[in-house]
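Student: how would this look folded up:
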Amino acid sequence: MVISTREQDNVVIFDLEGEIRRSDTVAVSLHQHVKEQLEHGKRDLLLNFGKVPFIDSFGVGEILASYISTQNIGGRLKLAGISKRLFLVFQVTQLTRVLDIQDDEEKALASFRKG
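Tutor: Numbers count the residues shown, from 1 in each chain. Below you'll find the predicted structure:
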């Protein structure tokens, strides 16, 4: 998985590319990237899944850990660009009840502005 970050409208956007799964080659996990941004005072975070074809239980755990870390400091974590296949994973795990999942990046950014 490749993670790149950018900022727009005071929201840190994580562009995720590739499969989110346990791997011995992953140097820094998604959760570690999120924690770094939180430590730098960033509170509004968006995970862009537009180029993620697969996620395993490890990946779900990374997202949940990122959500919890963000919530614990009063931040907001949202997800966008999730395929129907990945959305099914979040439904089965009932994380659709917990996570703020938006259709696309534009809608997610607008939802940050709404409060």
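Student: for the rest of this, base every contact and every neighbour count on C-alpha atoms.
Tutor: Noted.
Student: the longest helix seen in the chain packs against which elements?
Tutor: Longest helix in the chain by number of residues (criterion: DSSP state H): helix 57-72. Packed against helix 57-72 by the contact rule (3 or more C-alpha pairs under 8 Å, 6 or more residues apart in numbering; DSSP states H and E) you find helix 30-39, strand 76-80.
Student: let's have these in CSV, adding mean pLDDT.
Tutor: Converted to CSV, the helices and strands packed on helix 57-72 look like this (pLDDT from 0 to 100):
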stretch, mean pLDDT
helix 30-39, 96
strand 76-80, 98
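Student: can you tell which of the ones you listed is closest to residue 62?
Tutor: Among these, the nearest to residue 62 by C-alpha to C-alpha is helix 30-39 (5.5 Å).
Student: which strands and helices sit next to the closest one?
Tutor: Applying 3+ C-alpha pairs under 8 Å, 6+ apart, we find helix 30-39 packed against helix 57-72.
Student: quick one: the helix it packs on to helix 30-39, angle?
Tutor: On the basis of axes from the mean of the first three to the mean of the last three C-alpha atoms, to 10 degrees, helix 57-72 is oriented at 10 degrees to helix 30-39.
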